[in-house]
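>>> generate a structure from the sequence data that follows.
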Amino acid sequence: MRWLAVVLGVLLTSSTVPAQAAPDPAKHALVGYLHASFANGSGYVPLADVPDEWDIIDLAFGEPTSVTSGDIRFTRCPASECPNVESDADFTAAVKAKQAAGKKVLISIGGQNGQVQLTTAAARDAFVSSVSAIIDKYGLDGLDIDFEGHSLYLDSGDTDFRNPTTPVIVNLIAALKSLKEKYGDKFVLTMAPETFFVQVGYQFYGGSNGGDSRTGSYLPVIHAVRDFLTVLHVQDYNSGPVMGLDNQYHTMGGADFHIAMTDMVKAGFPVANTDRTFPGLRDDQIGFGLPAAVGAGNGYTAPAAVHEALDCLAKGQNCGGYSLRGGTSPGLRGLMTWSINWDRYYNWEFRNSHAPYLDALP
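Predicted coordinates:
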């Protein structure tokens, strides 16, 4: 998410709360980021005050002590910035209450300012250890990867997404597999890449043909963890025009963009400048992300247009002439937004518009 987060780097205490098992996420989930370490102009929302419609809550953000340390810290918003911030005890109690209601609460790592480059085995191990400490301290359900900027890239010659060789990619995959092994079936893993790191891989992959080494760099990570990836909700915002499987450019802000971008993830697509095809994900692993309101980010889409996109993707209706290459997705997991705080600031337009739609899907 392209928003200013406060990096404070305060060490977590040694006290821990065991992670709690919880039911699977809602079949059609409303996913929202909660500004947990900063206020960012929209005001602080205590976790207990997050409305029940939110099925997956991503705590923003855990950030590294340095770009390459792998040592992730989650510092809750200070009272000087968030006067209504709750105590650690009340925060932890709210996590348990959300889980008892069937919700998932995750720590989101990264954001615009939280650059994470796991360039060494030591950084990989520090990532696993420090993320585990955060999950255990608050009893969280798992992890959201929101790596942006220069966190992920592909070294020259790394052209096979099925067998990556770039250390920042290889070590992230290994770290995620270690966390899955540690927490087992209850571990929830979500990802919120920008289109640049996923769908743009259809046109450009890594630095081939003089391109940007970051293009498509989430693809090897997504592929490696697809067996235990809970939800991929690509950010359909802060994006330039992107070529879809119809070989036409699609522009954010309307139903067409969400249809074309999501169809790419469902159908899969040939990866540029390689002879390999990225296989699509199951529909229950797929959502897409939106700004909560006009002021929350570039790419705001009016509720009616979002519902047009969902009609097309889930039901095969209102596709506007676009032909779904991946077929309909009746099990589409849902919608993500940046953010719960901004949604409250704008009188809950996102929640009020989309939770009833998702609830009405079979």
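
>>> so where do the helices sit in the stretch 151-300 of the chain?
Using DSSP state H, counting those that start in this stretch, the helices of the stretch 151-300 of the chain run over residues 167-183, 219-224, 255-267.

>>> let me see the contact set for the spatially most central residue of the chain.
When C-alpha atoms, centre = their mean is applied to the chain, the residue found nearest the centroid is residue 192 (2.4 Å). By C-beta atoms under 8 Å, 6 or more residues apart in numbering, the residues touching residue 192 are 1, 58, 108, 144-146, 233-235, 289, 336. Glycine gets a C-beta too; all of them are placed from N, C-alpha and C.

>>> so it versus residue 75, what's the distance?
Per C-beta to C-beta, to the nearest Å, residue 192 is found 20 Å from residue 75.

>>> again, but for residue 106
17 Å.

>>> which SSE is residue 337 in?
For residue 337, the host element (DSSP states H and E) is strand 334-338.

>>> residue 106 and residue 75: which is more packed in?
Just comparing residue 106 and residue 75: by other C-beta atoms under 10 Å the higher neighbour count belongs to residue 106, 24 against 19.

>>> quick one: that one is in a helix?
No: according to DSSP: H, G, I helix; E, B strand; the rest coil, residue 106 belongs to no helix; its state is strand.

>>> surely it meets residue 139?
No: here residue 106 does not reach residue 139: they are 11.7 Å apart, not a contact under C-beta atoms under 8 Å.

>>> any idea how many residues pack against residue 34?
As a burial measure, residue 34 scores 22 neighbours (other C-beta under 10 Å).

>>> so who does it touch?
So residue 34 contacts 45, 47, 50, 57-60, 339-341 (C-beta under 8 Å, 6+ apart).

>>> any idea which helix or strand comes after the helix or strand that contains it?
When elements are assigned from DSSP H and E, residue 34 belongs to strand 29-35. As assigned by DSSP H and E, the chain's next helix or strand after strand 29-35 is strand 56-64.

>>> what pairs with that following strand, and is each one parallel or antiparallel?
Within its sheet, strand 56-64 is paired with strand 29-35 (parallel), strand 72-73 (antiparallel), strand 104-111 (parallel), according to DSSP bridges.

>>> and the ones you listed as a markdown table, adding mean pLDDT and distance to residue 315?
Converted to a markdown table, those look like this (pLDDT from 0 to 100; distance: least, C-beta to C-beta, whole Å):
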| stretch | mean pLDDT | distance to residue 315 |
| --- | --- | --- |
| strand 29-35 | 98 | 18 |
| strand 72-73 | 97 | 40 |
| strand 104-111 | 96 | 26 |
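
>>> tell me which of these lies nearest to residue 89.
strand 104-111 (15.7 Å; C-beta to C-beta).

>>> what is the burial count for the nearest residue to residue 193 once chain neighbours are set aside?
Excluding its sequence neighbours, the residue lying closest to residue 193 (C-beta to C-beta, 6 or more residues apart in numbering) is residue 218, at 4.3 Å. If you count neighbours by other C-beta under 10 Å, residue 218 ends up with 27.

>>> wait, doesn't residue 218 sit right on residue 154?
No: assessed by C-beta under 8 Å, residue 218 is found out of contact with residue 154, at 10.4 Å.

>>> roughly how far does the residue nearest to residue 193 sit from residue 271?
Distance of residue 218 to residue 271, given as C-beta to C-beta: 12 Å.

>>> likewise for residue 351?
On the measure of C-beta to C-beta, residue 351 and residue 271 end up 36 Å apart.

>>> now swap in residue 243 and tell me
13 Å.

>>> now do residue 41
Distance from residue 41 to residue 271, by C-beta to C-beta: 39 Å.

>>> residue 26 now?
32 Å.

>>> more neighbours, the two?
More crowded of residue 26 and residue 271, by other C-beta under 10 Å: residue 271, with 24 against 19.

>>> quick one: contacts for residue 259?
Residue 259 neighbours (C-beta under 8 Å, 6+ apart): 309, 312-313, 319-320, 322, 324.

>>> are any of these buried, and which?
Buried members of these, counted by 16 or more other C-beta atoms under 10 Å: 309, 312-313, 319, 322, 324.

>>> from these, which land in helices?
residue 309 (DSSP state H).

>>> what's the neighbour count on residue 215?
Residue 215 has 24 neighbours, counted by other C-beta under 10 Å.

>>> that one contacts residue 196, correct?
Yes: Residue 215 lies in contact with residue 196 (C-beta under 8 Å); the separation is 6.3 Å.

>>> contact partners for residue 280?
Here residue 280 is in contact with 265-268, 326 (criterion: C-beta under 8 Å, 6+ apart).

>>> quick check: the gap between it and residue 288.
Separation of residue 280 from residue 288 (C-beta to C-beta) stands at 14 Å.

>>> please report how far residue 197 lies from residue 133.
27 Å.

>>> looking at these two, which is more packed in?
residue 197 (24 against 19).

>>> show me what contacts the nearest residue to the more buried one once chain neighbours are set aside?
Excluding the flanking residues, the one nearest residue 197 by C-beta to C-beta, 6+ apart is residue 218, at 4.1 Å. Shown in contact with residue 218 (C-beta under 8 Å, 6+ apart): 147, 152, 191, 193, 197-198.
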